[in-house]
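K.L.:
sequence and predicted structure are below.
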Amino acid sequence: AEFLMIAPWPSAKGGSAFGGKAMKAVKNDFGLIRDVIVSLRTIRSNYKVEPSKKIDAVLVGGKSAALLSEHADIIKGLGRLEKLDIVAKGKRPDKTAGDVVSGVQVYVPLGSIVDLGAEKERLSKELAEAEKYAESLTRKLENKDFVARAPSQVIAGEREKLAATKDKAVKLRAQIEGLG
């Protein structure tokens, strides 16, 4: 028996650690699991679902379904899920929020966690505000006096704001559409 302080550092030669998988494959697997959990948390945040409330989720995993099933307990725990269905193939269920990460489709049924009518109304108001702001930025950037007098970094900043606002509007439309 060697003393711990003078023993050599353990190594994972030949990929024997991690169930025979190479370190790169383990990192990729971990990355996928992490991305799915982040997606679930993002959906929760977008729909203002309090973190303490457990929700349901459906994952359409394709070729990653086996890996997701193997780590279902981790996904359920860190995603704060009551029920998790993992399938290899499937269509988007009705009245769900969805996301796609690394080829995995992530769906959260919204009927039990948000008032769909109130959520549609909230998102529609937010969309109207985003469209109004985008219109004002467009008018500003089309104003020849503004473009001629403003410093180039200010114009670039306004263009970035316009692009971000248009992107937000596209995402809001997709959320409204997902509500049915």
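P.N.:
Ah, there it is. Residues are numbered from 1 along each chain as shown.
K.L.:
ok, L137 - contacts?
P.N.:
Residues in contact with L137 (CB atoms under 8 Å, 6 or more residues apart in numbering) are 158, 161-162, 165. C-beta here means a position set from N, CA and C on the backbone, and glycine is covered the same way.
K.L.:
now, the residues you listed that are in helices?
P.N.:
Among these, the ones falling in helices (DSSP state H) are 158, 161-162, 165.
K.L.:
list the beta-bridge partners for V100.
P.N.:
Under DSSP bridges, the beta-bridge partners of V100 are Q105.
K.L.:
what about the host helix or strand of L68, average pLDDT?
P.N.:
L68 is part of helix 65-70 when elements are defined by DSSP states H and E. When pLDDT is averaged along helix 65-70, the result is 91.
K.L.:
chain center to it: distance?
P.N.:
19 Å (CA atoms, centre = their mean, to the nearest Å).
K.L.:
check which helices and strands it sits against.
P.N.:
The contact analysis (3 or more CB pairs under 8 Å, 6 or more residues apart in numbering; DSSP states H and E) places helix 65-70 against helix 23-46, strand 81-87.
K.L.:
now the spatially most central residue of the chain: how far from N46?
P.N.:
A centroid search over the chain (CA atoms, centre = their mean) returns S39, at 3.0 Å, as the residue closest to the centre. Relative to N46, S39 is positioned 10 Å away (CB to CB, to the nearest Å).
K.L.:
joint contacts of these two?
P.N.:
Joint contacts of S39 and N46 (CB under 8 Å, 6+ apart) do not exist.
K.L.:
L110: how many residues sit nearby?
P.N.:
Residues lying near L110 (other CB atoms under 10 Å) number 24.
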